[in-house]
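Asker: Just a sequence and a predicted model for now, questions to come.
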Amino acid sequence: MALKVGDKVPHFISTDLNGNIFDSANHIEKKIVVLYFYPKDNTAICTTQACSFRDSYQEFVDLGAEVIGVSADDAVSHGAFADKYKLPFNLISDQDGTVKNVFGFQKSLFGLLPARITYVINRQGVITMIFNNLLGAQHIVRALEEVKKLQL
């Protein structure tokens, strides 16, 4: 079953862009987390989305939020992608779909295309926003608006 606004994010473990273990317990409930799922490193829309998060990254940090990207690419791909585009945030690998399963989704747009979904998770580990849209740039705008609301 898909997680929805108001649900608490379950614990998950994955691998980050440096090949290290990523344990959600070290992030969720520690600060606001903007967790965005994207289809693939180095593709046009995904690169635009990642670079837009990069360009707004300091604003997220100033508001106490951590940005984390998730795709099925491996750590080597994530590392090269982050280096090439100077991404200052972590990317985690979901090669086996475990993280997607935790959030309860597989595909988007009639089950044909990989999902592009952004979650904003508050300091209590509760989802306050879900944005599912194939266009990458809108994810940053919506996430930033939600993070600002959480400051009130």
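Answerer: Sure, I can see it.

Asker: Would you check that residue 29 makes contact with residue 125?
Answerer: Yes: taking Cβ atoms under 8 Å as the definition, residue 29 is a contact partner of residue 125 at 4.2 Å. Heads up, the C-betas are built off the backbone N, CA and C, glycines and all.

Asker: Find residues that contact each of these two.
Answerer: Jointly contacting residue 29 and residue 125 under the rule Cβ atoms under 8 Å, 6 or more residues apart in numbering is no residue at all.

Asker: residue contacts, residue 129?
Answerer: Residues near residue 129 by Cβ under 8 Å, 6+ apart: 5, 118-120, 142-143, 146.

Asker: which of these sit farthest apart?
Answerer: The span of those, defined through Cβ to Cβ, is set by 5 and 143 at 13.5 Å.

Asker: the more surrounded of the two?
Answerer: Neighbours per residue, other Cβ atoms under 10 Å: of residue 5 and residue 143, the larger number sits with residue 143, 24 against 11.

Asker: helices or strands next to whichever strand or helix holds that one in the packing?
Answerer: Assigned by DSSP states H and E, residue 143 belongs to helix 137-149. When contacts are defined as 3 or more Cβ pairs under 8 Å, 6 or more residues apart in numbering; DSSP states H and E, helix 137-149 packs onto strand 32-37, helix 44-62, strand 117-121, strand 127-132.

Asker: The strand or helix carrying residue 69 to strand 117-121, inter-axis angle?
Answerer: Element membership for residue 69, per DSSP H and E: strand 65-71. Counting by axes from the mean of the first three to the mean of the last three Cα atoms, to 10 degrees, strand 65-71 lies at 150 degrees to strand 117-121.
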